[in-house]
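Colleague: predicted model and sequence below, questions to follow.
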Amino acid sequence: MEPAAADPKPGSQSGAPEWIRGALALFSSLGAVIGALMMAFLWGGVWGWVGVIILALAIVAWGTALRLPTSPERGRPAARRYVLRVVLTMGVAYPILLLSGLWLYKQGLTKGPLGYVAAVAPAAPVVGMFWIFRRFFKEETDEVLRAGLLSALVWSGALTLCEATVWGFLETFGKAPNVWMWAVPAVFFAQLGITIPLAQRRYS
Amino acid sequence: MKNRLRVLRAERGWSQADLAERLDVSRQSVNAVETGKFDPSLPLAFRLARLFGQPIEAIFEADAEG
């Protein structure tokens, strides 16, 4: 019997070393948290804007890290649409809406009803991410890709809820500073940057 | 779950990418099923059975229960 045709390890066709994916995932995770915290606590100064830049870079790194593990499957239409939607939503729409809202606030233009629009607008891309996940599960027929993302979502969701609960009680007992609620999904997505490659590894 | 996918592929001279294309799944999926890291759904198992012209139980073997 002839041996089966040679099969390189899945993921090895991208040409991107494994450590690059790991470094991107780590940077996106830490960058999102650090950037968000800098924005929350140092807003009004230069360091607040540095936080914005770090957060934006973290989102870009997250999008890139998402692409690398599934590079052999990039040709699959659903996966391609998923990556495009994520990059447009979190890499483009989120920073633009966030920075625009903060600029309006700084200009003192958010006192009236416009304030509600400016405040809710940056949340729209975050809410949109869950629509993107839903579309992926509807459009992608590949079971392993679906199982990988599902597993990563569950792990990241569970970790985020645990962390938010612990932090919330620490805050209640005066042992931790207040953290705005919008930081919770930021942490969720940052952790997703780690759990997606880990889930992919499970099936590689 | 053990399976004979690698052998069946070899008999036909197909690579994992060839099989993935015939099944319209990713090569990662073929690799995961073949190495026993992922148990396919019933619909995918039926598609494999049809493709190789064999019953499911001739391709997959359930793990012995402890």
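Modeller: That came through fine. Residues are numbered from 1 along each chain as shown, chains lettered A, B, ... in the order given.

Colleague: okay, and for the chain, where does confidence drop off?
Modeller: Went with chain A since none was named. In the predicted model of chain A, residues A:1-23, A:25-26, A:29-30, A:33, A:36-37, A:40-41, A:65-75 satisfy pLDDT under 70.

Colleague: that's the other chain; I wanted chain B
Modeller: B:64-66.

Colleague: strands of that one, start to end?
Modeller: All strands of chain B, identified by DSSP state E, fall at B:2-3, B:60-61.

Colleague: out of those strands, which gets nearest to residue A:82?
Modeller: Checking the strands of chain B against residue A:82 by CB to CB gives strand B:2-3 as the closest, at 28.9 Å. All C-beta atoms are positioned from the backbone trio N, CA, C, and that covers glycine.

Colleague: run the chain-centre distance for that closest one.
Modeller: How far strand B:2-3 lies from its chain's middle: 8 Å, per CA atoms, centre = their mean, to the nearest Å.

Colleague: which residues outside it are in contact with it?
Modeller: By CB atoms under 8 Å, 6 or more residues apart in numbering or on different chains, the list of residues contacting strand B:2-3 from outside reads B:33-34, B:36, B:59-61, B:63.

Colleague: spatially nearest residue to residue B:24, not counting backbone neighbours?
Modeller: In space, and not counting its chain neighbours, residue B:24 is closest to residue A:141: 6.9 Å by CB to CB, 6 or more residues apart in numbering or on different chains.

Colleague: coming back round to it: export the strands of chain B to CSV and tack on mean neighbour count?
Modeller: Formatted as CSV, the strands of chain B follow (neighbours: other CB atoms under 10 Å in any protein chain shown):
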stretch, mean neighbour count
strand B:2-3, 16
strand B:60-61, 15
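
Colleague: who are the contact partners of residue B:61?
Modeller: B:1-4.

Colleague: of the residues you listed, closest to residue B:28?
Modeller: Minimum distance to residue B:28 across those is 16.2 Å, recorded for residue B:3 (CB to CB).

Colleague: check the gap between that closest one and chain A for me.
Modeller: Distance, residue B:3 to chain A, using CB to the nearest CB, to the nearest Å: 13 Å.

Colleague: distance of that residue relative to residue A:203?
Modeller: Residue B:3 sits at a distance of 15 Å from residue A:203 (criterion: CB to CB, to the nearest Å).
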